[in-house]
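Novice: What would the 3D arrangement of this be:
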Amino acid sequence: MSEETAIVLQARMGSTRLPGKVLSTIAGKPILGHCVERLRQSGLPVIVATTTGEEDDLVEEMAELFGARVVRGPADDVLARFALAVSTFGLLDVIRATADNPAVDMDAAHRCLTLLHRTGADHVTERGLPYGAAVEAVSASAILLAHAQATTAADREHVTPFIRRNAQFVAIDAIAPGILRQPSLRLTVDTPDDLDFVRRVFSWLPGEGSDPASLAEIICAADRLRSSEAAGGDTAARGIR
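Specialist: Numbering: from 1, shown residues only. This next block holds a predicted model:
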């Protein structure tokens, strides 16, 4: 089976600071589910790249439940997992995303992919989005070459640093849209405190709807939450999504 472009979402249960976080629930849904649903709004297929470890059988089951495909590879060599996704599905371009970002921007994939194609670059990402909202667009050829050449544990684990610093590749930093430019806002989930904060942010979103909230709506919810907390007011949810 061949796809031109797909979103490859790295996910595993073995987080050091918050084990099992990808299946922690926010607004009644696992973080992995939020990520897959939001990324699928792009219209691109989502491939979850998890490990061959037995504990990640749960990740595979949840990914498939939310409509994602799955590849499984080494736990610490995430670059190898991405190369496996490229070769398995015949990809030409990849959108890299991580499964600790339940508020990932649903439109970022197309913005980055458009710039990647327009410039012929090997790597594109955006600066200025809330922490945990961005994705990366990477050519499949760059991933395969990095897989063949990268040797350090850090380069294998983090996938794109080798591409970004190596002169044989072209990497571009784009500026995020102004309405979404709030880099001081942390929406990733890496610690128990992060999880608590993002849960509270989501509780301030409008009532249940058919589609995930936009990043702009999530930023507004976070602003309202922080304003209420700063004023010492009632921090109870103003709506449940």
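Novice: list the buried ones in the top helix by length along the chain?
Specialist: Secondary structure assigned by DSSP state H gives helix 215-230 as the longest helix of the chain. The neighbour-count criterion (16 or more other Cβ atoms under 10 Å) identifies 215, 217, 218, 219, 220, 221, 222, 225, 226, 228 as the buried residues of helix 215-230. Just so you know, the C-beta spots here come from the backbone N, C-alpha and C atoms, and that holds for glycine as well.
Novice: The closest residue to residue 176 other than its chain neighbours: how many residues sit nearby?
Specialist: For residue 176, the nearest residue in space outside its immediate sequence neighbours is residue 128; the separation is 3.9 Å by Cβ to Cβ, 6 or more residues apart in numbering. The local packing of residue 128 (other Cβ atoms under 10 Å) involves 16 other residues.
Novice: Could you do the one 5 residues further on as well?
Specialist: By the criterion of other Cβ under 10 Å, residue 133 has 27 neighbours.
Novice: Same check on the one 4 residues further on?
Specialist: Counted with other Cβ under 10 Å, the neighbours of residue 137 add up to 28.
Novice: any idea how far residue 205 is from the residue lying closest to residue 202 once chain neighbours are set aside?
Specialist: Leaving out its chain neighbours, the residue that sits closest to residue 202 by Cβ to Cβ, 6+ apart is residue 27, at 4.5 Å. Here residue 27 is placed at a distance of 8 Å from residue 205 (Cβ to Cβ, to the nearest Å).
Novice: So for those two, which sits in the more crowded spot?
Specialist: When neighbours are counted by other Cβ under 10 Å, residue 27 and residue 205 differ, and residue 205 comes out ahead with 22 against 17.
Novice: helix/strand/coil for the more buried one?
Specialist: With DSSP: H, G, I helix; E, B strand; the rest coil as the basis, residue 205 sits in coil.
Novice: So it is in contact with residue 221, correct?
Specialist: Yes. The pair residue 205 and residue 221 passes the contact test of Cβ atoms under 8 Å, sitting 5.0 Å apart.
Novice: residue ranges of the strands in the protein, please?
Specialist: Secondary structure of the chain (DSSP state E): strands at 5-10, 25-26, 29-30, 46-51, 69-73, 93-98, 123-127, 136-139, 171-175.
Novice: Of all these, which one is nearest residue 84?
Specialist: In this view, these are compared for proximity to residue 84 by Cβ to Cβ, and strand 69-73 is the closest at 4.9 Å.
Novice: Just checking: what are the partner strands of the closest one?
Specialist: Each strand paired with strand 69-73, and its direction, by DSSP bridges: strand 46-51 (parallel).
Novice: show me where this protein has helices.
Specialist: Taking DSSP H as the criterion, the chain carries its helices at 31-40, 57-65, 78-89, 108-119, 140-149, 153-158, 161-165, 192-203, 215-230.
Novice: Show me which of the ones you listed has the highest average neighbour count.
Specialist: The highest mean neighbour count among the helices of the chain belongs to helix 31-40 (a mean of 24), with neighbours defined as mean count of other Cβ atoms under 10 Å.
Novice: Check which helices and strands it is in contact with.
Specialist: Packing contacts for helix 31-40, counted by 3 or more Cβ pairs under 8 Å, 6 or more residues apart in numbering; DSSP states H and E, involve strand 5-10, strand 46-51, helix 57-65, strand 93-98.
Novice: Sketch out the low-pLDDT regions of this protein for me.
Specialist: Scanning the chain for pLDDT under 70 picks out 1-3, 208-210, 233-241.
Novice: quick revisit: hmm, the residue nearest to residue 202 is touching residue 200, no?
Specialist: No. Assessed by Cβ under 8 Å, residue 27 is found out of contact with residue 200, at 10.5 Å.
Novice: okay, how far is it across stretch 17-35, tip to tip?
Specialist: Using Cα to Cα, to the nearest Å, the span of stretch 17-35 from its first residue to its last is 19 Å.
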